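In: based on what follows, work out the 3D shape:
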Amino acid sequence: MVDRKPSGEASAVTAGASSDCCSAGHSLSDSAVAADVETLATLGNDTRYEALRLIAGADDGVCVCELEPSLGVSQGAVSQALSRLFGAGLVERRKEGRWRYYTATPRAERLLRVLDETREAGDE
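Out: Down below sits the predicted model:
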């Protein structure tokens, strides 16, 4: 058990615990942790997650006008979702005439695949 001192620093408070009882840690930098948290936060919204699923399932990119009826939200909400997905590096966009088309990045496709695999593993 970890207790927070008033100063905010952690201290071990379990009976008989020594300060070196375990060496929990990870090899990620602070910026990598922040990027991962941002990615997970981006996927933690129904509209953004469903938009990414639709985009990843399309063969040649998806236009905003195609997502609006599928997601059942306003064009503004779709645009905000796509902007956040783009900012998190989960979609790429290209402009053709007056239309913008979105495709899933390889990273997004891998993340969705891992989610599918872990969901399926839970069914066994």
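In: what does stretch 77-91 contact?
Out: 38-39, 42-43, 45, 47-48, 51-52, 55, 64, 67-68, 71, 73, 92-93, 102-105, 107-108, 111 (Cβ atoms under 8 Å, 6 or more residues apart in numbering). In this view, the C-beta of every residue, glycine as well, is placed from N, C-alpha and C.
In: alpha carbons of it, in CSV - could you do that?
Out: Extracted C-alpha coordinates of stretch 77-91, given in CSV (Å, rounded to 0.1, in the frame of the first residue of the first chain):
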residue,chain,number,x,y,z
ALA,A,77,-19.2,16.7,-34.3
VAL,A,78,-17.7,14.6,-37.1
SER,A,79,-15.2,17.3,-38.0
GLN,A,80,-14.2,17.6,-34.3
ALA,A,81,-13.8,13.9,-34.0
LEU,A,82,-11.7,13.7,-37.2
SER,A,83,-9.5,16.6,-36.1
ARG,A,84,-8.8,14.8,-32.8
LEU,A,85,-8.0,11.5,-34.6
PHE,A,86,-5.7,13.4,-36.9
GLY,A,87,-4.0,15.1,-34.1
ALA,A,88,-3.4,11.8,-32.3
GLY,A,89,-1.8,10.4,-35.5
LEU,A,90,-4.6,7.8,-36.0
VAL,A,91,-5.9,9.1,-39.4
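In: my guess is residue 94 is in a strand, correct?
Out: Yes: assigned with DSSP: H, G, I helix; E, B strand; the rest coil, residue 94 falls within a strand.
In: my guess is it meets residue 101, correct?
Out: Yes: at 5.4 Å, residue 94 counts as touching residue 101 under the criterion of Cβ atoms under 8 Å.
In: now for the two: what residues contact both?
Out: residue 61.
In: out of these two, which sits in the busier spot?
Out: residue 101 (18 against 10; other Cβ atoms under 10 Å).
In: the closest residue in space to that one that isn't next to it in sequence: neighbour count?
Out: Once flanking residues are discounted, residue 101 sits nearest to residue 61: 3.4 Å by Cβ to Cβ, 6 or more residues apart in numbering. Neighbour count of residue 61, defined by other Cβ under 10 Å: 18.
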